[in-house]
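Engineer: Fold the following, please.
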Amino acid sequence: MAEESFYGVTLTAENNSVTWDVVADEDYARGQKLVIKQILLGAEAKDNEFNVVEVTTMKDSVQIPIAVLKAGETRAVNPDVEFYESKVTFKLIKGSGPVYIHGQNIKDDVEVVDMEEEDDEDDGEDDEIEHPKKRAKIEPNAVAAAADSKNAKNPKKK
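Structural biologist: Now for the predicted structure:
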């Protein structure tokens, strides 16, 4: 089951950097991500001043601007970007802001099970049981084969 919470920060000339980190918690050891939905330029922003927000990921060592905002032109962007299990730093590298960043912090506490390992285990059950996913792939082919068989028996007359 996933636990979602609001994420929101403000970047200004005085407070130009903020870091989000994966929570060190046994209940959420895997599956944490930050989803950035919108980056907004505040109403107090200076006219004709570009405000550039840069993101740095620690996991992949990526450093790239994700928003370029300017009062009177571009006041908001919707990047819809996800950072999965990685420490992330947002920095206002140009302009004085304020710039508001918001999105969702999602923690997933579902245990991940490797299906191949599960299939290899001998649990004493009948190994002839077909998995639902495999059955779903077979059924459309069976329908198509039945249709081809029917067309072969009753060819259309021209």
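
Engineer: what about the residue nearest to residue 97 when sequence neighbours are not counted, distance to residue 100?
Structural biologist: Spatial nearest neighbour of residue 97, excluding adjacent residues (Cβ to Cβ, 6 or more residues apart in numbering): residue 12 at 4.3 Å. Just so you know, the C-beta spots here come from the backbone N, C-alpha and C atoms, and that holds for glycine as well. Relative to residue 100, residue 12 is positioned 10 Å away (Cβ to Cβ, to the nearest Å).

Engineer: which residues in the chain form strands?
Structural biologist: 2-11, 17-20, 33-41, 50-57, 62-70, 76-77, 81-84, 88-94, 99-108 (DSSP state E).

Engineer: report the angle between the axes of the last one and strand 50-57?
Structural biologist: Our comparison of strand 99-108 with strand 50-57, counting by axes from the mean of the first three to the mean of the last three Cα atoms, to 10 degrees, yields an angle of 20 degrees.

Engineer: And the contacts of strand 99-108?
Structural biologist: 1-12, 18, 20, 23, 25, 27-28, 30-42, 45, 51, 53, 67, 69, 90, 92 (Cβ atoms under 8 Å, 6 or more residues apart in numbering).

Engineer: what does the third one give?
Structural biologist: For strand 33-41, contacts defined as Cβ under 8 Å, 6+ apart pick out 7, 20, 51, 53, 66-67, 69-71, 74-85, 88, 97-106, 108.

Engineer: Would you list the buried entries among these?
Structural biologist: 7, 20, 51, 53, 67, 69-71, 77, 79, 83, 88, 97-99, 101, 103, 105-106 (16 or more other Cβ atoms under 10 Å).

Engineer: Can you give me the end-to-end span of stretch 79-96?
Structural biologist: Taking Cα to Cα, to the nearest Å, the first and last residues of stretch 79-96 lie 21 Å apart.

Engineer: swap in stretch 88-105?
Structural biologist: 12 Å.

Engineer: give me every residue that touches residue 87.
Structural biologist: With Cβ under 8 Å, 6+ apart, residue 87 has these contacts: 19, 20, 21, 22, 57, 58, 59.
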